[in-house]
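*Asks:* Next comes the sequence, and after it the predicted model I'd like to discuss.
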Amino acid sequence: QDAGAGLLAAAMIAVVPGYISRSVAGSYDNEGIAIFCMLLTYYMWIKAVKTGSIYWAAMCALAYFYMVSSWGGYVFLINLIPLHVLVLMLTGRFSHRIYVAYCTVYCLGTILSMQISFVGFQPVLSSEHMAALGVFGLCQIHAFVDYLRSKLNPQQFEILFRSVISLVGFVLLTIGAVLMLTGKISPWTGRFYSLLDPSYAKNNIPIIASVSEHQPTTWSSYYFDLQLLVFMFPVGLYYCFSNLSDARIFIIMYGVTSMYFSAVMVRLMLVLAPVMCILSGIGVSQVLSTYMKNLDISRPDKKSKKQQDSTYPIKNEVASGMILVMAFFLITYTFHSTWVTSEAYSSPSIVLSARGGDGSRIIFDDFREAYYWLRHNTPE
């Protein structure tokens, strides 16, 4: 959007509890690195889409490789980027830039991701990756159709287009069905099914539903982990919709899909937090920019007071009031975030803490004491 939105988003993500819960000192989970890798991949993808450059597309593929090596949640990323390309096709925004960017990212990123031992041949064999392959095929068909349109007259093109699309669609469906039935393409795992159907795990795989991180998110968790961002997120969406571009469509899709998946599993609040900061940064920046333009810091004389716009007589006062309100909300967001982090997310996994009935802090140091006893009472 602009530098102001970026600075606000950076300040928000620095203290947002939804992300700091996994990146706080003492946390040893992969997500602390993975979220940075995911945002780096998205940044490179938007640069590749804007420029149509093979260089930025190759950098996006390298960032994707970094993401794959750090966290299994890369599946969200490799499905969101093809979904973005598909939406650009449906809205008539597909161009040579998108074709170069996606084909480079998909080919290079898939080859690199297959070098990771725990991934192996999954990018070409598992159902979770088939959307990316399907959109890659659609890109080739779209480019071929554009080439034919430039060479044939409209009547010839329409006849050929209908026959070829019918034939190709039938062949692809047949091949996909045969590969699924023969087991060459593995079906979706239970964890991914439960994202699309929240009741699937509870009814079919109780062990997944029994994990507390896989429970649906409560409304209070959104306010607890995001606070001001919950209210500024729709404002940022509005400003993105009001001036659509390829990059803004991607941010909208990232925000909407993350919101849905975070409602299904509480652990995916981690994926939602960065895009909430981005869209809230856009919203706050636009609101502040709009009202700052109405500020008149010069001291008007009596003649200019009479010449003020009669349709907006207290423009300066309203602008000052809105800026003060936004500043107050940002300050309360900072205090809330630091309080939540200190109370809920600052204990390492070995030493736990809680509050007693009288408000005093209670430290649970049993794990460390047990390890200390083992060190002194067992042989080396």
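*Replies:* Done, it's in.
*Asks:* Val168 is in contact with Ile141, correct?
*Replies:* Yes. Ile141 is within contact range of Val168, at 6.8 Å (criterion: CB atoms under 8 Å). Just so you know, the C-beta spots here come from the backbone N, C-alpha and C atoms, and that holds for glycine as well.
*Asks:* so which helix or strand takes in Val340?
*Replies:* Taking DSSP states H and E as the criterion, Val340 maps to helix 315-344.
*Asks:* Can you name the residues that contact His84?
*Replies:* Trp45, Ile249, Phe250, Met253 (CB atoms under 8 Å, 6 or more residues apart in numbering).
*Asks:* just the buried members of those?
*Replies:* Buried residues within the contacts of His84, defined by neighbour count using 16 or more other CB atoms under 10 Å: Trp45, Ile249, Phe250, Met253.
*Asks:* returning to what we had before: return the closest of the contacts of His84 with respect to Leu173.
*Replies:* Leu173 lies nearest to Met253 out of the contacts of His84, by CB to CB, at 26.0 Å.
*Asks:* give me the element the closest one is part of.
*Replies:* Residue-wise, Met253 maps onto helix 246-264 under DSSP H and E.
*Asks:* so where's this protein shaky on pLDDT?
*Replies:* 1, 25-28, 180, 183-214, 296-313, 347-350 (pLDDT under 70).
*Asks:* Next, Asn153: phi, psi?
*Replies:* Dihedral pair for Asn153: phi -80, psi 160, per degrees, to the nearest 10.
*Asks:* Next, count neighbours for it.
*Replies:* Number of residues near Asn153 (other CB atoms under 10 Å) recorded here: 8.
*Asks:* And the one helix or strand His142 maps to, how far out from the chain middle?
*Replies:* His142 is part of helix 130-151, with elements assigned from DSSP H and E. Centre-to-centre, helix 130-151 and its host chain are 27 Å apart (CA atoms, centre = their mean, to the nearest Å).
*Asks:* so after that helix, what's the next helix or strand?
*Replies:* helix 154-182.
*Asks:* how does the protein divide up, domain by domain?
*Replies:* In terms of domains, the chain is parsed into 3-286, 350-380 (source: automatic domain parsing).
*Asks:* Just name the most buried of these.
*Replies:* domain 3-286 (a mean of 17; mean count of other CB atoms under 10 Å).
*Asks:* Please spell out which residues along stretch 333-346 are buried.
*Replies:* Buried positions in stretch 333-346, judged by neighbour count with 16+ other CB under 10 Å: Tyr333, Thr334, His336, Ser337, Val340, Thr341, Tyr345, Ser346.
*Asks:* Pretty sure the fourth one sits against Val15.
*Replies:* Yes. Using CB under 8 Å, Ser337 is in contact with Val15, at 4.0 Å.
*Asks:* Which residue lies nearest the spatial centre of the protein?
*Replies:* Tyr254 (4.6 Å; CA atoms, centre = their mean).
*Asks:* what's Gly72 sitting at in phi/psi?
*Replies:* Per-residue torsions, Gly72: phi -70, psi -10 (degrees, to the nearest 10).
*Asks:* thinking again about what came up before, the closest residue in space to the residue nearest to the centre of the chain that isn't next to it in sequence and Phe261: what is the separation?
*Replies:* Distance criterion CB to CB, 6 or more residues apart in numbering; nearest residue to Tyr254, sequence neighbours excluded, is Val275 at 5.0 Å. Applying CB to CB, to the nearest Å, the value for Val275 to Phe261 is 11 Å.
*Asks:* Same question for Asp225.
*Replies:* Distance, Asp225 to Phe261, by CB to CB: 15 Å.
*Asks:* Having no further points to raise, I will conclude here.
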